[in-house]
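Chemist: Got a predicted model here, sequence first, then my questions.
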Amino acid sequence: MTESSASKEAITIVQQGWTHLQAQRPLAAWASWQRALRVIPELPQALDALSRLETALELPMAARAERRFLAPDDPIKRAAWDARIQGRNLQALESAADLFASLSVDDPDDAAAWTNRGLCMAWLGHNQEAISCLNRVVQILASSAPDQAVEAWSLAEILRLGGGAEPLADDLRYAWVIPWSRDQRSRLLASNNTLQAIKQPGALLGGTGLGSETQIYEWLDRPMPVPTPSLQYHEVPRLLATAIDSGDTLRLSSPDPLALEQILEPLQTALGTPDQAIQREVCPLPIALADAGVWGFRYPDGLDEETRNRLTREGVEQYFENVWIHRPRHGLNNLTPLQASRAVRQGDAVAHVQLAAVVRIREQFAARPKTSALYQGYPFDRLRRRLGLGLDDPEAVDPTDASCMSEVELDQLDLSQLSGSPLVEAYHSAAALGVDERTARLAARIIETHDQIPAGTLTPDLFAVLVREALQQGRKGEAFDWMNQGKQLCPTDERRRFDLWQAELHTRSHSPDVALEIYTKLLEDQSLTKDQTLAAIEDLEQEGFLDHAERLRNQSKVRTPDTDQGSKDR
């Protein structure tokens with residue numbers, strides 16, 4: 001090969017590396033640049049590219065770490081490997097991949113062969129195939145060498161964000177694209193006071209190809225509160241979607257699909273847009289933005305730094321310990337982290353490895369220099385504790401802090417020794433885990449000691465879990481007792497909810513006369529909304545009480561879709 005042709009080949013390979021990196025395949029990019037150096041040693045373009053990757057601090061460590069082939073620990077197996085490898089060029093990745101595939105076929109439990117095969121696939125840019133190999137490594141090593149298995153699955157967590165592995169990605173961007181007009185824009189802005197325009201959208205649009213007239217909005221779940229030092233996290237707005245208005249198109253995006261679903265009804269009402277007119281898109285987030293879901297909250301301008309930092313830390317805790325743990329992940333065999341933690345308690349070594357690796361990568365995202373301040377020093381041992389994993393640094397977590405307790409710890413609490421704020425904190429912690437039996441135990445203790453708890457704790461939601469658990473156990477009388485206590489103890493403006501619950505339960509308990517009497521009283525007090533009335537009518541009809549449903553319909557003067565259609569037919 002001439003010097004000129006070698007130079008062209010090496011430069012072409014360098015460009016291939018940049019293409020891999022653009023496609024979120026840093027391991028394949030690294031391998032390309034190493035290959036270019038083998039064509040022309042000390043090639044400046046390749047050395048510069050490798051240096052940039054090494055110092056790309058926006059990427060977690062697992063995406064930048066240099067990796068090498070492994071060798072078997074067993075001397076006999078190592079000798080057999082040497083015989084097979086002799087004369088082979090392991091720098092030719094396709095050939096090396098075939099070799100390690102052959103070795104893994106000869107011995108399906110050879111973890112080193114599977115690891116090396118996975119590395120070849122990753123370096124070639126075949127991320128999906130690489131993940132499959134690393135999954136086999138985890139199956140082999142989960143019980144005997146869990147640390148090595150965690151290392152393998154940590155790499156898989158990075159690979160699933162790369163091009164070609166889209167079906168296996170867990171951190172996604174969901175988008176809706178809707179054609180719209182100036183009139184629709186005006187209606188949406190007029191009907192929604194939680195759409196906030198970004199004052200300087202230009203900085204966010206650089207390199208997107210969108211015009212200078214493009215406007216960006218943030219769609220919040222509530223109006224922005226007044227900036228005060230007493231602001232609490234539950235009062236802070238949550239970002240439902242980022243909206244980009246490019247003139248004739250509205251694009252709404254979010255890393256949380258449930259947040260988008262929250263805006264569907266008000267969006268369609270304002271725009272008059274049928275569901276089929278919405279083009280839905282899903283794609284993996286770039287590796288550097290894979291933790292975008294953490295930052296789903298917004299603060300008012302003018303908030304002092306101390307309050308902002310406090311709320312930010314609370315937001316991180318809330319996201320990981322109460323929200324993220326409920327989201328299924330391919331990296332956990334489609335279990336949620338909380339479900340995986342329960343499998344770990346049952347002795348599932350693979351679930352243990354996978355969960356530990358997933359948490360480790362989240363921790364690496366938090367450790368990046370440009371984002372570490374945003375995490376406010378959040379110790380991921382809080383999350384490990386929440387999921388029942390071993391702690392890296394037990395000193396980082398307050399053992400009396402119930403907010404990040406695991407399910408086992410919450411179940412072991414001695415409620416006779418718990419009251420006041422610690423009891424309320426334990427209740428909220430349990431409620432976030434979503435198991436009524438556990439939460440009801442703490443809710444009952446709160447009601448028992450209600451004269452010792454902070455103001456504002458007694459709410460219908462607290463009684464709701466007790467009602468649900470009583471009904472789940474077939475104890476209707478107990479459910480009515482909890483409703484009656486709620487009416488006595490909750491604030492006056494909340495008590496109508498208990499009347500509505502009682503009416504619903506009477507309907508389903510075949511006491512339609514009592515139910516109708518309660519609904520009638522609520523109508524007289526103007527305490528029943530149209531939607532609640534329609535739901536009540538539907539309940540009565542479903543239980544077979546058609547006469548009662550008709551009487552309620554006549555009293556309320558509301559028309560159900562069926563009756564409206566019937567009028568048109570007549």
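Modeler: Here it is on my side, so go on. Given the structure is predicted, the values throughout are model-derived calculations rather than measurements. Numbers count the residues shown, from 1 in each chain.
Chemist: how about the helices of the stretch 401-550 of the chain, start to end?
Modeler: With helices called from DSSP state H, counting those that start in this stretch, the stretch 401-550 of the chain shows them at 407-411, 420-433, 436-448, 460-472, 476-489, 496-508, 512-524, 530-542, 546-556.
Chemist: Report the mean confidence score over the second one.
Modeler: Think helix 420-433. Across helix 420-433, the average pLDDT comes to 96.
Chemist: which stretches of this structure have low pLDDT?
Modeler: 1, 3, 200-212, 559-570 (pLDDT under 70).
Chemist: care to break it down by domain?
Modeler: Domain assignment for the chain, taken from automatic domain parsing, gives 3-56, 75-168, 172-284, 305-397, 451-569.
Chemist: Make JSON lines from those and add distance to Gln417 and mean neighbour count to it.
Modeler: All C-beta atoms are positioned from the backbone trio N, CA, C, and that covers glycine. As requested, the domains of the chain are exported to JSON lines (distance: least, CB to CB, whole Å; neighbours: other CB atoms under 10 Å):
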{"stretch": "domain 3-56", "distance to Gln417": "51", "mean neighbour count": "18"}
{"stretch": "domain 75-168", "distance to Gln417": "36", "mean neighbour count": "19"}
{"stretch": "domain 172-284", "distance to Gln417": "27", "mean neighbour count": "15"}
{"stretch": "domain 305-397", "distance to Gln417": "21", "mean neighbour count": "18"}
{"stretch": "domain 451-569", "distance to Gln417": "13", "mean neighbour count": "16"}
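Chemist: hang on, the earlier thing: among the helices of the stretch 401-550 of the chain, which is nearest Thr269?
Modeler: The closest of these to Thr269 is helix 530-542. By CB to CB, the value is 13.5 Å.
Chemist: ok so, going back, including distance to Arg67, could the domains of the chain go into JSON lines?
Modeler: Formatted as JSON lines, these follow (distance: least, CB to CB, whole Å):
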{"stretch": "domain 3-56", "distance to Arg67": "7"}
{"stretch": "domain 75-168", "distance to Arg67": "6"}
{"stretch": "domain 172-284", "distance to Arg67": "22"}
{"stretch": "domain 305-397", "distance to Arg67": "15"}
{"stretch": "domain 451-569", "distance to Arg67": "49"}
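Chemist: Could you check how far the spatially most central residue of the chain is from Asp291?
Modeler: Compute the mean C-alpha point of the chain, and by CA atoms, centre = their mean the closest residue is Trp324, 4.3 Å away. Separation of Trp324 from Asp291 (CB to CB, to the nearest Å) stands at 10 Å.
Chemist: which residues are common contacts for those two?
Modeler: Common contacts of Trp324 and Asp291 (CB atoms under 8 Å, 6 or more residues apart in numbering): Arg362.
Chemist: correct me, but Leu391 touches Pro399?
Modeler: No: here Leu391 lies out of contact with Pro399, judged by CB atoms under 8 Å, at a distance of 10.3 Å.
Chemist: and for those two, which residues touch both?
Modeler: With CB under 8 Å, 6+ apart as the test, Leu391 and Pro399 reach no residue in common.
Chemist: wait, what's in contact with the closest residue to Glu363 other than its chain neighbours?
Modeler: Nearest residue to Glu363 in three dimensions, chain neighbours excluded: Phe380, at 4.2 Å (CB to CB, 6 or more residues apart in numbering). Contacts here follow CB under 8 Å, 6+ apart; on that basis Phe380 touches Phe320, Val359, Arg362, Glu363, Ala366, Asp392.
Chemist: Mind putting the residues you listed into a markdown table with distance to Gln376?
Modeler: Formatted as a markdown table, these follow (distance: CB to CB, whole Å):
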| residue | distance to Gln376 |
| --- | --- |
| Phe320 | 12 |
| Val359 | 18 |
| Arg362 | 15 |
| Glu363 | 14 |
| Ala366 | 10 |
| Asp392 | 18 |
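Chemist: Just give me the closest of the residues you listed to Asp481.
Modeler: Closest to Asp481 out of the contacts of Phe380 is Phe320 (37.2 Å), distances taken as CB to CB.
Chemist: Could you find the closest non-adjacent residue to that closest one?
Modeler: The spatial neighbour of Phe320 that comes closest, neighbours along the chain excluded (CB to CB, 6+ apart), is Leu383 at 4.9 Å.
Chemist: do the same with Arg342
Modeler: Per CB to CB, 6+ apart, closest to Arg342 is Glu407, 7.6 Å.
Chemist: what's the burial count for the one you found?
Modeler: By the criterion of other CB atoms under 10 Å, Glu407 has 19 neighbours.
Chemist: which ones are touching it?
Modeler: Neighbouring residues of Glu407 by CB under 8 Å, 6+ apart: Ser341, Arg342, Gly388, Leu433, Val435, Arg438.
Chemist: want to try a markdown table for those residues, with distance to Ile244 as columns?
Modeler: Listed next are the contacts of Glu407 as a markdown table, based on distance: CB to CB, whole Å:
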| residue | distance to Ile244 |
| --- | --- |
| Ser341 | 38 |
| Arg342 | 40 |
| Gly388 | 41 |
| Leu433 | 36 |
| Val435 | 40 |
| Arg438 | 43 |
